[in-house]
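Whatever this is, show me its structure:
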Amino acid sequence: MSIGPHACVFGLALGLRLLAMVRAFDPAATFEKFPLLARTLIADGWVAREPFAYSPAYIYWLALLIRAGATPLALCIAQAVLAALACALIFDLAKRLFGPAEAVVAGVLAAAFGPFLLFSVELESDGLGLVLYCAAAVALLAALDRPAPLRLAVAGLLLGLRAVQRPDAILLAAFLAVVLWRAARPTSARLSALAAPAWLLAGCLVPILPIALQNFKASGEIIPVTSSGGWVFYASQNHAAGGLSYFPPPLAYAVMHAPHREGEDPLDRLDDRVSRRLAALAAGRDMRPGEASRFWRAEGWRSIERRGLVRQAVLQARKIGYLLRPYEGHDSLPLLLKSRRLSAWTSLGMGIVAPLALLGLGLGFRRAAPGGLRRLALSGFLLLPAVTMSLFYVGSRFRLELEAMLLPFAAAALVWLGRRAREREWSKVAASAVVVALLAALVHAPDREIARQERLGFIQLHTFLGERAGGAAEAESEFRRAAGAALYPAEAEGAQRGLALASRRRGDAAAAMRYEAQASGLLDEDELRRLGALHDDPDAQWAVGRHWMLRGDLARAADTLARAATLAPDDPDILLSRALAAFETGRAAPDLVAAWTEEALHAGLRFSPNAATGFSLLARCYDRLGRRQEAETAWREAARFEGFFWP
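Residues are numbered from 1 along each chain as shown. Just a heads-up that it's a prediction; the model follows:
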């Protein structure tokens, strides 16, 4: 097999990535989590001192590069090389599925594909995961075309390496093992039928077992790859989840973004350690990493139970719809910043590829996978990202592998259309164009959650740009852009505080006081009127209720917050606000207020900065009810949570 076409695709992809890196690389805004973990691994003698919480494969990869003397720029170049290799592998995959023409088109699409470009200039583990996933798909197809134990073992090894990057690939390995066994069973003896899956699984276990052993030695627990699955599950399923992005509870967010203290270990800011601290706080005792992960998994299931079957089914359906949307759900500030800098470069995205890929799947899936075994294997590679995102959330990092599997089908659709046009089969071309247009209209249809995520990302980005701006005028401009995009006051608190600080620095005390009041939740007349008119919007009603509480008008606050709680029965902070306003006004009996507060705590208030307030309110209710022992317990809990947040 000639490597010339592969080298051309690799060269084109690498050239585009190096150009993108020149435009977007910024050492001050690089995602530091993985380089920090890699340096820690080197300092610990290349053996984990605590269970891995994030991609062991990528941490070891960066550690090797750093140990060899790689600078941040060199690390980014290495990331670009990995990304270019993924494009060459997509070329190879398309050639195996369809042919040389489709392979060329798929390779060019992969080289210019916006999400791939973006992740090629950021130190995220998903770039390595994409390479390993594509390599595993190519290796497995090669093993199915020319069966041999070594080929199956290599495919298994690549799947195992991908599992050591993110453990969801273990599900794919198990599925493929079953497929191989069922395919061999009718023609082979019972033990012989196990040979193919055994070779695949043996290769898969080679990289997994050393990581599992390290995790066991570090914690005494059986953790196959990483310990953060339960936390991510909860952050994807809690009351704030809308199917897109990752929602750590407010207390975790506050801890991760609190002012730095002298001598603080930077690893303590990572969400894995924060999640363990929160789990220990909620349980009232220390927890090992695996136990903390199980705690959060149980909390995630509790959130699903509170949501109910119908609402959870709606959420899952929305996730399926989001799989093919043009919106890329970036869950880190460096990705948002690079996305802004590369905005023109990322125009070729899922909004264009998805309609073509769906047409290609309809036209060419049987051609790509003519046999049952090949068809099941290809379906597994297509479906694993969808399964992962249905369990967690539809984020840009999780979609990369789905996009890689869809690109050959998008290429097949384009080649098919070109051939039909060359043969002057205009009716088929027109019918296909109509189908593509209808599919494009579906994937581009307006969506409230996507609009919310785009708004929050815009606010977060411009607040950050304001904080790091070189001049006062530039900072104010960025803060104003962030504040102007907010639909609710709470969305722009950071920007309002930035405007207050900027106003105070230029001597405008009146403006500073006005911005500080807005940041605290006080509304001006126009904003109060606008939000008050949104009767069916729980966030608007909560903002109005908070305003009346700050103004001391507790009767209005109680009425407004009761309406907000009816609209958002799963939001623990809204439930607490309703209970607090009702208690202060005497609108509800202490036993009812206590029940509302317990409901808020059960719904997740324990993971909010307002947890201490909730336990204090519960203690006051118990005092009035004469339940002294329960009141003392609640007071102790309030002090414990207060001490966690304000040690």
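
Can you say which helix or strand has I304 in it?
helix 289-307 (DSSP states H and E).

what's the next secondary structure element after that helix?
That would be, after helix 289-307 and using DSSP H and E, helix 309-322.

helices or strands next to the helix holding I304 in the packing?
Counting contacts by 3 or more CB pairs under 8 Å, 6 or more residues apart in numbering; DSSP states H and E, helix 289-307 is packed against helix 229-237, helix 271-283. Where you see a C-beta, it was placed from the backbone N, CA and C, and this is true even at glycine.

can you rerun that using 10 Å?
The contact analysis (3 or more CB pairs under 10 Å, 6 or more residues apart in numbering; DSSP states H and E) places helix 289-307 against helix 195-219, helix 229-237, helix 271-283, helix 309-322, helix 590-603.

tell me the mean pLDDT over that helix?
In this model, helix 289-307 carries a mean pLDDT of 94.

Give me the buried positions along it.
With burial defined by 16 or more other CB atoms under 10 Å, the residues of helix 289-307 counted as buried are 289-297, 299-300, 302-304, 306-307.

Same question for stretch 636-647.
Applying 16+ other CB under 10 Å to stretch 636-647 flags 637-638, 641-642, 644-645 as buried.

Looking at those, which has the smallest pLDDT value?
Out of the buried residues of stretch 636-647, that is F645, at 60.

Return the member of the buried residues of stretch 636-647 nearest to G351.
F645 (42.2 Å; CB to CB).

Below-threshold pLDDT in the stretch 451-600 of the chain: ranges please.
Along the stretch 451-600 of the chain, no part satisfies pLDDT under 70.

circling back: let's have the buried residues of stretch 636-647 in TSV, adding secondary structure and distance to L376.
Compiled in TSV, these are given as follows (DSSP: H, G, I helix; E, B strand; the rest coil; distance: CB to CB, whole Å):
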residue	secondary structure	distance to L376
E637	helix	52
A638	helix	56
F641	helix	51
E642	helix	56
F644	helix	50
F645	helix	51
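
So which of these is the closest to D265?
Nearest to D265 out of the buried residues of stretch 636-647 is F644 (CB to CB; 17.2 Å).

The nearest residue to the closest one once chain neighbours are set aside and R606, how far apart?
Closest residue in space to F644, ignoring its immediate chain neighbours: L281 at 5.2 Å, by CB to CB, 6 or more residues apart in numbering. Going from L281 to R606 by CB to CB, to the nearest Å gives 8 Å.

now do H547
26 Å.

and the closest residue in space to D537 that isn't next to it in sequence, what is it in contact with?
What sits nearest to D537 in space, not counting adjacent residues and going by CB to CB, 6+ apart, is L567, at 7.3 Å. When contacts are counted by CB atoms under 10 Å, 6 or more residues apart in numbering, L567 touches 535-542, 574.

mind redoing it with 7 Å?
Taking CB atoms under 7 Å, 6 or more residues apart in numbering, we find L567 in contact with 536, 538, 541.

And S520, by the same measure?
S520 neighbours (CB under 7 Å, 6+ apart): L550.

go again using 10 Å as the cut-off
489, 493, 496-497, 546-547, 550.

Next step: the residues you listed restricted to helices.
493, 496-497, 546-547, 550 (DSSP state H).

Mind putting those residues into TSV with distance to T40 and neighbour count?
As requested, the ones in helices among the contacts of S520 are exported to TSV (distance: CB to CB, whole Å; neighbours: other CB atoms under 10 Å):
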residue	distance to T40	neighbour count
E493	33	17
Q496	37	23
R497	33	18
R546	41	24
H547	46	23
L550	44	14
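
Can you name the two of those that sit furthest apart?
R497 and H547 (17.4 Å).

Report the secondary structure element holding the residue lying closest to L592 once chain neighbours are set aside.
Residue nearest to L592 in three dimensions, not counting chain neighbours: A582, with 7.6 Å by CB to CB, 6+ apart. Assigned by DSSP H and E, A582 falls within helix 572-585.

repeat for A519
In the assignment (DSSP H and E), A519 maps to helix 509-520.

Need the CA coordinates for the next helix or strand after that helix. PDB is fine.
As assigned by DSSP H and E, the chain's next helix or strand after helix 509-520 is helix 525-532. Below are the C-alpha coordinates for helix 525-532, written out as PDB (Å, rounded to 0.1, in the frame of the first residue of the first chain):
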ATOM      1  CA  GLU A 525     -36.700  49.900  37.500                       C
ATOM      2  CA  ASP A 526     -36.400  48.900  33.900                       C
ATOM      3  CA  GLU A 527     -34.800  45.500  34.700                       C
ATOM      4  CA  LEU A 528     -37.300  44.800  37.500                       C
ATOM      5  CA  ARG A 529     -40.200  45.500  35.000                       C
ATOM      6  CA  ARG A 530     -38.600  43.300  32.300                       C
ATOM      7  CA  LEU A 531     -38.000  40.400  34.500                       C
ATOM      8  CA  GLY A 532     -41.300  40.700  36.400                       C
END
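
the helices in the stretch 1-150 of the chain, which residues?
4-24, 33-43, 56-67, 72-97, 100-112, 114-119, 126-145, 149-165 (DSSP state H, counting those that start in this stretch).

Buried residues, the helix holding A519. List them.
So for helix 509-520, counting by 16+ other CB under 10 Å, buried means 512, 514-516, 518-519.

next one: stretch 331-349
Buried-residue list, stretch 331-349, by 16+ other CB under 10 Å: 331-332, 334-339, 341-342, 345-346, 348-349.

so what's R455 up against?
Contacts of R455 by CB under 10 Å, 6+ apart are 485-488, 491.

rewinding a little: what touches both of L281 and R606?
251, 637, 641.

Now tabulate those in JSON lines and tack on distance to F98.
JSON lines is the format used below for the shared contacts of L281 and R606 (distance: CB to CB, whole Å):
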{"residue": "L251", "distance to F98": "51"}
{"residue": "E637", "distance to F98": "62"}
{"residue": "F641", "distance to F98": "59"}
